[in-house]
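Participant: based on what follows, work out the 3D shape:
(one chain, ligands or ions: 1)
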Amino acid sequence: MNTPLTIKETQDGLKQKKFSAVELVDAYLAQIKKYNKEYNIFLTVTEDLAYAKAKELDKIGKFDEPLSGVTIAYKDIFLTKDIRTTAGSKILESYVPVYSATSVKKIENAGAIPIGKLNCDAFAHGSSGENSDFGATLNPWDKDYIPGGSSSGSGAVLSANMSLISTGTDTCGSIRLPANYNYLVSLKPTYGAVSRYGVIAMASSLDTVGPLARTIEDVETIFNVIKGEDGFDGTVVNKKGDESKKSKFKIGIPREFFIEGLDSEIEKNIQEVINVYKKENVEFVDVSLPSTKYGISVYYIIQPAEVSSNLGRFDGIRYGNDRDFLGEEAKRRIMLGSYVLSAGFYDSYYDKAMRVRSKIISEVDQVFMKDEVDALIAPVAPTPPFKLGEKINDPLSMYLTDVYAATANLCGIPSLALPSGFTKNNLPLGFQLMGPRFSEHQLFELGKLYHKEIDYKPKTAF
Ligand code: GLN
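Facilitator: Residues are numbered from 1 along each chain as shown. Below you'll find the predicted structure:
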């Protein structure tokens, strides 16, 4: 187990000339060369680009931008100008975008070194990484296990120490699950905090873009770089949340989240987290969100409905290969989505799901307002990482992996997922803190309180 560098340590080292940006790239590329074949993390390594940027930075000798000298790897769903972007699907195997996503541009304008594009479930459909048309990614903590999905490479790349930071997309857990299964910190931001321009759309009312890193400070730095309006995504607003320094926090424990079906090691671990917080004078209250139990059903109606529309553009004419290349999961979702939207079934499925979604939103908003809680604590997933192949032939049990993720996406609220230990089999454990819309700052503060108290140190598998 290694202690990898943080953004600050990297930049301090560069400024003090302990190492150069080129040497950093050498080190990450050495890790990629050693392990990528086996773990299937990168779909494209941008070695030349990384060296060109590193040389340029070394030549200038200044590392003053927020991400100067920081290597970044992107989920292969972010468009990158002149670099192949596949969304994990063979249909886009040879697609080369003519422009970059806003978040990519912002990260690179902030001085980051792009090192490559990461494997993911095709079109971000999945929770395990096994739906990629380029083969499953393995979990560096134990290669018999899945690394979480759909941003599978975005999690594994950091626990394999092949990059300093990464980005992913979260429509229902796809940033938080891989972070949770790889001992990482991640943020699913408020819907409308970060532009999705140039990100291949999955389900547009749920999709969010966010960072994965090894510390809360690093996730915060990246979030501050990528957030805000760009004029290309009409859902984005420049809203500042409460940035005051609170002396006392209150966290709600939704009773519906701690029920049968939750793995006992996860439950015990979250109880320990709560005890740590109590030592820090954080108050806990029992809260109830009765309609969240329908969250996963609602998600698996609204999401395929939106997927069936968004995937309509992959008609085999404008984008690369033939329609036959859409995988089983994409086909399943297009059929489900078309069905729930079809005349005769619209009212009983889509419309009903939309009404239940509104109910969930109002219950969650009420809890933040009436119970005056700063955050809700919850598991990220019902179990620790599971074995490769364990759920692949059982879509329903795979979909249940997302049961704790759905609330944040349906409500558009932010969620910070944090590492909090290991199972007895040495697999990562974590939890999530969800807050009101645009409360990212308070979630970071709350997260730091916990990590400070346990003297948290980032760790990589090798
Ligand atoms: N796991 C969920 C799904 O399969 C969510 C994926 C995501 O967040 N992109 O739909």
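
Participant: which residues in the stretch 151-300 of the chain form strands?
Facilitator: Assigned by DSSP state E, counting those that start in this stretch, the stretch 151-300 of the chain shows strands spanning 165-170, 185-188, 208-213, 250-254, 283-287.

Participant: ignore what I typed, I meant the stretch 351-462 of the chain.
Facilitator: 375-378, 415-422, 428-434.

Participant: give me the mean pLDDT for the longest one.
Facilitator: Over the span of strand 415-422, the pLDDT mean works out to 98.

Participant: distance check, Asn182 against the ligand.
Facilitator: Distance, Asn182 to the ligand, by C-beta to the nearest ligand atom, to the nearest Å: 16 Å. Using the backbone N, CA and C atoms, a C-beta is placed for each residue, glycine as well.

Participant: neighbours of that residue, just the number please.
Facilitator: Around Asn182 there are 31 other residues, counting by other C-beta atoms under 10 Å.

Participant: for it, give me its contacts.
Facilitator: By C-beta atoms under 8 Å, 6 or more residues apart in numbering, the contact set of Asn182 is Asn139, Pro140, Trp141, Pro147, Gly148, Gly155, Ala156, Leu158, Ser159, Pro428, Ala461.

Participant: so which of the residues you listed is the most crowded?
Facilitator: Gly155 (37 neighbours).

Participant: okay, Leu429: pLDDT?
Facilitator: 98.

Participant: verify the stated contact: it with Ile266.
Facilitator: Yes: in this structure, Leu429 is within contact of Ile266 by C-beta atoms under 8 Å, at 6.3 Å.

Participant: quickly list what's touching both of those two.
Facilitator: Common neighbours of Leu429 and Ile266 (C-beta under 8 Å, 6+ apart) are Pro384.

Participant: near the nearest residue to Glu453 once chain neighbours are set aside, how many other residues are there?
Facilitator: In space, and not counting its chain neighbours, Glu453 is closest to Val276: 5.1 Å by C-beta to C-beta, 6 or more residues apart in numbering. For Val276, the count of nearby residues is 17 (other C-beta under 10 Å).

Participant: dihedrals phi and psi, the residue nearest in space to the middle of the chain?
Facilitator: Nearest residue to the geometric centre of the chain (C-alpha atoms, centre = their mean): Ile175, 1.3 Å. Dihedral angles of Ile175 (phi, psi; degrees, to the nearest 10) stand at phi -90, psi -50.

Participant: quick check, pLDDT for it.
Facilitator: Per the predicted model, pLDDT is 98 at Ile175.

Participant: which ones are touching it?
Facilitator: Ser151, Ser154, Gly168, Thr169, Ser186, Leu187, Lys188, Thr208, Gly210, Pro211, Leu212, Ala417.

Participant: which of those are close to the ligand?
Facilitator: Thr169 (C-beta under 6 Å from any ligand atom).

Participant: farthest-apart pair in the contacts of Ile175, please.
Facilitator: Thr169 and Ala417 (14.3 Å; C-beta to C-beta).

Participant: what's the weakest-modelled helix or strand in the protein?
Facilitator: Lowest mean confidence among the helices and strands of the chain (mean pLDDT, DSSP states H and E): helix 395-399, at a mean of 86.

Participant: hey, C-alpha coordinates of it in PDB?
Facilitator: Extracted C-alpha coordinates of helix 395-399, given in PDB (Å, rounded to 0.1, in the frame of the first residue of the first chain):
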ATOM      1  CA  PRO A 395     -29.800  -6.900 -14.600                       C
ATOM      2  CA  LEU A 396     -32.300  -6.400 -11.700                       C
ATOM      3  CA  SER A 397     -29.700  -7.200  -9.000                       C
ATOM      4  CA  MET A 398     -27.200  -5.000 -10.800                       C
ATOM      5  CA  TYR A 399     -29.700  -2.100 -10.900                       C
END
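
Participant: measure how far that helix is from the centre of its chain, please.
Facilitator: Centroid separation between helix 395-399 and its chain, computed with C-alpha atoms, centre = their mean, to the nearest Å, is 19 Å.

Participant: do that helix and the ligand meet?
Facilitator: No: against the ligand, helix 395-399 shows no contacts by C-beta under 6 Å from any ligand atom, the least distance being 6.7 Å.

Participant: which helices and strands does that helix pack with?
Facilitator: Contacts defined by 3 or more C-beta pairs under 8 Å, 6 or more residues apart in numbering; DSSP states H and E place helix 395-399 against no helix or strand at all.

Participant: quick revisit: for Gly116, find the nearest of the strands of the stretch 151-300 of the chain.
Facilitator: Using C-beta to C-beta, the nearest of the strands of the stretch 151-300 of the chain to Gly116 is strand 165-170, at 9.9 Å.

Participant: now the closest one: mean pLDDT?
Facilitator: Taken as a whole, strand 165-170 has a mean pLDDT of 98.

Participant: partners of that strand, with directions?
Facilitator: Its sheet considered, strand 165-170 pairs with strand 71-75 (parallel), strand 208-213 (antiparallel) by DSSP bridges.

Participant: what does the chain put close to the ligand?
Facilitator: Applying C-beta under 6 Å from any ligand atom, we find that the chain lies next to the ligand at 124-127, 150, 169-174, 202, 303, 402.

Participant: how about those in a markdown table, adding neighbour count?
Facilitator: Below are these laid out as a markdown table (neighbours: other C-beta atoms under 10 Å):
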| residue | neighbour count |
| --- | --- |
| Ala124 | 29 |
| His125 | 28 |
| Gly126 | 30 |
| Ser127 | 27 |
| Ser150 | 35 |
| Thr169 | 27 |
| Asp170 | 29 |
| Thr171 | 26 |
| Cys172 | 31 |
| Gly173 | 30 |
| Ser174 | 36 |
| Met202 | 26 |
| Gln303 | 27 |
| Asp402 | 25 |
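
Participant: show me those residues that map onto helices.
Facilitator: Gln303 (DSSP state H).

Participant: ok, so of the residues of the chain next to the ligand, who is nearest Leu262?
Facilitator: Asp402 (14.1 Å).

Participant: pull the contacting residues for the closest one.
Facilitator: Asp402 is in contact with Ser127, Cys172, Gly173, Leu177, Ile296, Tyr299, Ala381, counting by C-beta under 8 Å, 6+ apart.

Participant: which of the strands of the stretch 151-300 of the chain is buried the deepest?
Facilitator: strand 185-188 (a mean of 30; mean count of other C-beta atoms under 10 Å).

Participant: from the contact counts, what lies against that one?
Facilitator: Packed next to strand 185-188, using 3+ C-beta pairs under 8 Å, 6+ apart, are helix 176-180, strand 208-213, helix 216-226, strand 415-422, helix 440-453.
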